[in-house]
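Engineer: from the sequence below, what's the structure:
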Amino acid sequence: MRVVFLSLFLTLVTPLALADNAVRFASVDIYLDSSAPVAAWQFELTDDNGAMKVVGVENGDSEVFSDAPYYDREAVQLGTADRIIVADFSLAGTKQLPSGNFRLTTLHLVLEGPAEPSFKLQLVTATAHDGRAIDATIRLESPTGSEQ
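Structural biologist: Numbering: from 1, shown residues only. Here you go, the predicted structure:
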């Protein structure tokens, strides 16, 4: 009787437990909008629900930021990055620097558990070639087109 009960219990509970720990992959694009040419930028992305683990960081659209931006590679490799700070800079001349609306980077994520992520995106800085802060806005967009 105990074996039957245990077997029945595991049959019913195991799928529920697996559903609660569902793992799925996602990517998000981070865009910057600036009226002035951008030589350097930095942002922080966190997930208030703790569902996010960053597993990869790609470069964006601008040729002057053609390499992957700077971030904590060790945290990403260990899969412990539920918070990430990403930054990049360019020594290109003002005429080559991007302005307007452009994609800074694409972040690849593993989302764990039943909760949807609650992203918090903060622009730390955007600067001109002379180090002067410039007005800019930042946004996160998923491949489905939803913004946060």
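Engineer: secondary structure element for the residue positioned nearest the centre of the chain?
Structural biologist: Centroid-nearest residue in the chain: Leu107, 4.1 Å away (criterion: CA atoms, centre = their mean). Assessed by DSSP states H and E, Leu107 sits inside strand 100-112.
Engineer: which helices and strands does that strand pack with?
Structural biologist: Secondary-structure packing of strand 100-112 (3 or more CB pairs under 8 Å, 6 or more residues apart in numbering; DSSP states H and E): strand 23-34, strand 40-47, strand 52-59, strand 83-89. The way it works is simple: take the backbone N, C-alpha and C, and place the C-beta from them, glycine included.
Engineer: for Val76, what are phi and psi?
Structural biologist: As for Val76, its main-chain torsions (degrees, to the nearest 10) stand at phi -70, psi -40.
Engineer: I figured it hits Val57, correct?
Structural biologist: Yes. Contact criterion CB atoms under 8 Å: Val76 and Val57 qualify, at 6.9 Å.
Engineer: can you pull the residues that touch both of the two?
Structural biologist: Ile84 (CB atoms under 8 Å, 6 or more residues apart in numbering).
Engineer: find the nearest non-adjacent residue to the residue nearest to the centre of the chain, please.
Structural biologist: Distances taken as CB to CB, 6 or more residues apart in numbering put Val28 closest to Leu107, at 5.2 Å, once the chain neighbours are dropped.
Engineer: circling back: quick one: strands adjacent to the strand holding Leu107?
Structural biologist: strand 23-34 (antiparallel), strand 52-59 (antiparallel) (DSSP bridges).
Engineer: what's the angle from the last one to strand 40-47?
Structural biologist: Spelled out, it's strand 52-59. 160 degrees (axes from the mean of the first three to the mean of the last three CA atoms, to 10 degrees).
Engineer: got the contact list for Gln77?
Structural biologist: Per CB under 8 Å, 6+ apart, neighbours of Gln77: none.
Engineer: quick one: closest of the helices and strands packed on strand 100-112 to Pro114.
Structural biologist: strand 23-34 (10.8 Å; CB to CB).
Engineer: quote the end-to-end distance of stretch 55-67.
Structural biologist: 17 Å (CA to CA, to the nearest Å).
Engineer: outside of that stretch itself, list whatever touches it.
Structural biologist: 25, 30, 68-69, 71, 76, 79, 84, 86, 88, 90, 92, 96-98, 102-110.
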